[in-house]
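Colleague: I'd like to go over a predicted model; first the sequence, then the structure.
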Amino acid sequence: MQRSSHGGSAKPFEKASSPADAIDRLARLYGQAEDALRGAVERFLEDNVPPTAEARAKFRYPKLRVTYDPEGVPPSSPRAFAKFSEPGTYATTVTHPEEFRAYLIEQLAPLVEEFGATIEVGVGEHEIPYPYVFESGDELGRGGATASELARFFPTPTLATIGDEIADGFFDFQPGAERPLALFDAPRVDYSLRRLVHYTGSDWRAMQPWVLLTNYHRYVDQFVRWGVEQLQKGEGVEKLVLPGNVVLDSRLTAAEIEARIAGIVWHRFQMPGYHVVRSDGHGVSLVNIGVGPANAKTITDHIAVLRPHCWLMVGHCAGLRQSQLIGDYVLAHAYLRQDHILDDAVPLDMPIPALAEIQVALQEAVALVTGDRGAALKRRLRTGTVVTNDDRNWELRWAQERRRINLSRAIAVDMESATLATQGFRMRVPYGTLLCVSDKPLHGEIKLPGAANAFYERAVGEHLQIGLAALDLLRGQKATLHSRKLRSFDEPPFR
């Protein structure tokens, strides 16, 4: 895709002595660009004087360039990422280098140490859109300047600089040209960071690398309760960040914590996020994505730029088999995609594989939390195909749905799981689904208020604990979790 830029000559690239040095240089260049852009906007708001072309040339993202020129046979690595598909120069623009420092070190260190790659840092061709250097945007209301006036003189977010061409394989390799170093460049990342704030109601920096996604608010109540317990135990949890950027930490009394929780106006946000932040960087986020594949795609489009270690769906489904009981679990090992939202990006004839590490962790977590093993576990946990439908009232189309369900051997229906799995496959984020049967519409067991409430009280807490237990198991296998099943033959080096 052709990327737009503003005129001016870029400074020459400088070689970095190490990955840490490269990130220090990226942070310095980004800070200078951010300060220059913010200062120019503030001057314009104060005295209505636009930036000169020379000043505007400073409003650019830093660029990271890695060159691999091997001598002899390239090293072999079982790792799915931080490796080269072939010799050449790979590059990407970078935003918020300090916030992504740990990730960048993780990706760059093996490229240097194992492959002997060299790193260069310079100024890229992409301008930083002016809204991205202001945290809230309230600062832009001064002076009476309109958005259209600011857009005349300052870079703005434009569709010409935002896209998923790299992730979706829509890019050409030209001989001698730079190849993509990462799936997402700086304009794409910044766009999603702001969308995360909008949808989840909390600072994007609060988003944790281990993600649970749910379609029902009762899981939120249980998650917040669990997070507070972890905070009060003093076992590595630093704080909880809740919608509206409400922060709970160990300095608060139990009464103050309860008051803050009660005061959260979570319904102001479309997909509120709740974050248990750990000191070791391995905290957990729960996002209530609501119902439907549109929300499932929207939120994962944006979470993906943070390169989480995985996302797991824990929610409710309709059981399709007579042998299932309300409260049983469904571990998806295949998906019948009737969500219709990703058919162009990932055609229906593309298989979405189950990831062994995730499947084993979820099954083991069910056994650990329920205490069931062997035949008892098999009675409680059913593995099979999940149908994801974009029509909540699919039951009213039973004459049409019946044959497809029979042919697929499906055991459950929901509205999000296949979308989340397909997005994980598309964005190279490990994924999995563990659902709880809340009704059996084909067998006369439908949701009625009284029975539903009794089920929710009993089942939601256990289900959430299973999801959390699975994440605990997966933390110990981070090296193998990022499966080669998610990578193609010509992937960018960064995961």
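Modeller: In hand now; what should we look at?

Colleague: What pLDDT does the model give K11?
Modeller: pLDDT, K11: 67.

Colleague: Show the secondary-structure elements that the longest helix seen in the chain is packed against.
Modeller: When the chain is scanned for its longest helix (criterion: DSSP state H), the result is helix 19-47. With contacts defined as 3 or more CB pairs under 8 Å, 6 or more residues apart in numbering; DSSP states H and E, helix 19-47 has these neighbours: strand 14-16, helix 53-56, strand 60-68, helix 101-113, strand 118-127, helix 147-153. Every residue, glycine included, has its C-beta placed from N, CA and C.

Colleague: May I see the buried residues of stretch 286-300?
Modeller: By 16 or more other CB atoms under 10 Å, the buried positions in stretch 286-300 come out as 286-290, 292-300.

Colleague: Centre of the chain to it, how far?
Modeller: From the chain centre to the centre of stretch 286-300 is a distance of 11 Å (CA atoms, centre = their mean, to the nearest Å).

Colleague: what residue is smack in the middle of this protein?
Modeller: With distances taken as CA atoms, centre = their mean, the residue of the chain nearest its centroid is I303 (2.3 Å).

Colleague: list the contacts for the closest residue to A40 other than its chain neighbours?
Modeller: Distances taken as CB to CB, 6 or more residues apart in numbering place P51 nearest to A40, at 4.3 Å, with adjacent residues excluded. By CB atoms under 8 Å, 6 or more residues apart in numbering, the contact set of P51 is 40, 44, 59, 153-154.

Colleague: do D339 as well
Modeller: 293, 296, 388-390, 415, 418-419, 422.

Colleague: cool, V73 as well?
Modeller: No contacts exist for V73 under CB under 8 Å, 6+ apart.

Colleague: where do the helices sit along the stretch 301-450 of the chain?
Modeller: 356-370, 374-380, 398-408, 417-427, 449-475 (DSSP state H, counting those that start in this stretch).

Colleague: if you compare the helices and strands packed on helix 19-47, which one is most tucked away?
Modeller: strand 60-68 (a mean of 24; mean count of other CB atoms under 10 Å).

Colleague: In a markdown table: the helices and strands packed on helix 19-47, plus mean pLDDT.
Modeller: Conversion of the helices and strands packed on helix 19-47 to a markdown table gives the following (pLDDT from 0 to 100):
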| stretch | mean pLDDT |
| --- | --- |
| strand 14-16 | 97 |
| helix 53-56 | 95 |
| strand 60-68 | 98 |
| helix 101-113 | 97 |
| strand 118-127 | 97 |
| helix 147-153 | 90 |
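
Colleague: show me the contacts for T67.
Modeller: 88-90, 117-118, 120 are the contacts of T67 under CB under 8 Å, 6+ apart.

Colleague: distance of it from F84?
Modeller: 10 Å (CB to CB, to the nearest Å).

Colleague: overlap in contacts of these two?
Modeller: 90, 117.

Colleague: mind listing the helices for the stretch 101-250 of the chain?
Modeller: With DSSP H, counting those that start in this stretch, the ranges of helices along the stretch 101-250 of the chain come out as 101-113, 147-153, 186-200, 218-233.

Colleague: With distance to G273 added, can I get these in TSV?
Modeller: As requested, the helices of the stretch 101-250 of the chain are exported to TSV (distance: least, CB to CB, whole Å):
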stretch	distance to G273
helix 101-113	19
helix 147-153	27
helix 186-200	3
helix 218-233	10
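
Colleague: out of those helices, nearest to I128?
Modeller: Evaluated over the helices of the stretch 101-250 of the chain, closeness to I128 peaks at helix 186-200, with 7.5 Å, by CB to CB.

Colleague: From the chain's centroid, how far away is that closest one?
Modeller: Distance, centroid of helix 186-200 to centroid of chain: 11 Å (CA atoms, centre = their mean).

Colleague: Can you give me the buried ones in that helix?
Modeller: Result for helix 186-200 [16+ other CB under 10 Å]: buried residues 186-197, 199-200.

Colleague: now it against strand 60-68, angle please.
Modeller: Helix 186-200 and strand 60-68 are oriented at 120 degrees to each other (axes from the mean of the first three to the mean of the last three CA atoms, to 10 degrees).

Colleague: just checking, what packs against helix 186-200?
Modeller: strand 88-93, strand 118-127, strand 273-278, helix 293-303.

Colleague: what's next to that helix, contact-wise?
Modeller: 61, 92-96, 124, 126, 128-129, 131-132, 157, 161-164, 184, 203-204, 207, 243, 269-273, 287, 298-299, 301-305.
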